Structure formats: structure tokens, C-alpha cells
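Q: Sharing a model that was predicted from the sequence below.
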Amino acid sequence: MAARILVPVLRSMALALALCAGAAPAAADEVVLIPSRVIYPGETIGLAALKEVTLAPGRHKPDAVATTAPELDGKVAKRTLLPGRYIPVSALREAWLVEQGASVQVYFIAGPLTISTTAVTLQPGAAGDLVKVRNVDSGKVLSGTVMADGTVQVGAS
């Protein structure tokens, strides 16, 4: 009789002790995105090229891999991504806002002074990247930062 009463009490105490020690009950299985087909270097990753996979119980995704839609959608593969494999963050880059050889507006801004000119990009770049451009009028090569609107902002050197 005492055993019938004691067993549920011991189970409750064991669960309470496990929760206090930092152990948690098994969480829901983790869902990750992986390529459903080969994705080649330079290809923009769309959600259609990915499939959802539920990890086996007790398995966790490794560090430094991209597995969610915001981390992957619209990014460009830097190397070949194979189906069924995790996608390392180092294998992704942002899409270029300016391509090499494209004509762009270049701005120099210092207080109320704004100088603008047209230049040709000597290398591609995404927003925030430092790129080299050649001034169409003078032929001088300048370095500037690609802005979100596709223009390049240069500073005093």
C-alpha cells in the first residue's frame, strides 16, 4: 500500500529535481531547410530550391549553418550546395547591388556640400561593401561604400 502512494510522489520529486537542475522535458523536433537540388555558385537561392526536414529527436543543427528562410531566401551561393546537406553561412553572400562595369552615381557629402558624378564600378558589391569605381570624367579611381539605393558614397582621402 505504501509503495502505491510512494511511487507517484517519487516521480513528481524526480521531475521537480530535474527541472531545478536545468534539464527540460524533450522539446519539439527542430525543423531546418536544406537544398532539395544542386545549387550552383552564383545562383540566387529561392525557397523553391529548399525543403523542410525535421531533425531526429535529440539531434540539433550544427553551429555556423543557415537553416531558416530569412537566412537563406535571396542569398547567393558562393560554392556548390548539395541536396540533403546543411548550408554553411560561409557559403552564402548577399546579392550584388552593383555589378562590375555598371554605371553608378557617386556622391561625396561633407556637411552642406554634396558633389555627385558618374562612375563605372571596377568590382561588384552589396550594400555596405567597399568598392572601387573609376570617375568617367577624370579617369581617377576612387573607393566608396555601396549604399542601399545602389549609389556609391566616397569620403575624403
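A: Received, thanks.
Q: residues touching residue 107, list them.
A: Contact analysis of residue 107 by C-beta atoms under 8 Å, 6 or more residues apart in numbering lists 114, 115, 116, 151, 152, 153, 154. Glycine gets a C-beta too; all of them are placed from N, C-alpha and C.
Q: Reformat those residues into a markdown table and put pLDDT next to each item.
A: Shown next, in a markdown table, are the contacts of residue 107 (pLDDT from 0 to 100):
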| residue | pLDDT |
| --- | --- |
| 114 | 94 |
| 115 | 94 |
| 116 | 95 |
| 151 | 95 |
| 152 | 96 |
| 153 | 96 |
| 154 | 95 |
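Q: now, which of those sits nearest residue 125?
A: residue 152 (8.2 Å; C-beta to C-beta).
Q: Verify the stated contact: that closest one with residue 133.
A: Yes: Residue 152 is within contact range of residue 133, at 5.6 Å (criterion: C-beta atoms under 8 Å).
Q: who touches both of these two?
A: Common neighbours of residue 152 and residue 133 (C-beta under 8 Å, 6+ apart) are 104, 106, 119, 121, 144.
Q: Format the contacts of residue 107 as a markdown table; extra columns: distance to residue 66, neighbour count and secondary structure.
A: Compiled in a markdown table, the contacts of residue 107 are given as follows (distance: C-beta to C-beta, whole Å; neighbours: other C-beta atoms under 10 Å; DSSP: H, G, I helix; E, B strand; the rest coil):
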| residue | distance to residue 66 | neighbour count | secondary structure |
| --- | --- | --- | --- |
| 114 | 39 | 9 | strand |
| 115 | 40 | 10 | strand |
| 116 | 37 | 10 | strand |
| 151 | 29 | 16 | coil |
| 152 | 28 | 24 | strand |
| 153 | 29 | 13 | strand |
| 154 | 33 | 18 | strand |
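Q: Turn these into TSV, including distance to residue 48.
A: Formatted as TSV, the contacts of residue 107 follow (distance: C-beta to C-beta, whole Å):
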residue	distance to residue 48
114	43
115	44
116	40
151	32
152	33
153	35
154	39
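Q: and those, which two are the farthest apart?
A: Counting by C-beta to C-beta, the most remote pair of the contacts of residue 107 is 114 and 152, 13.6 Å apart.
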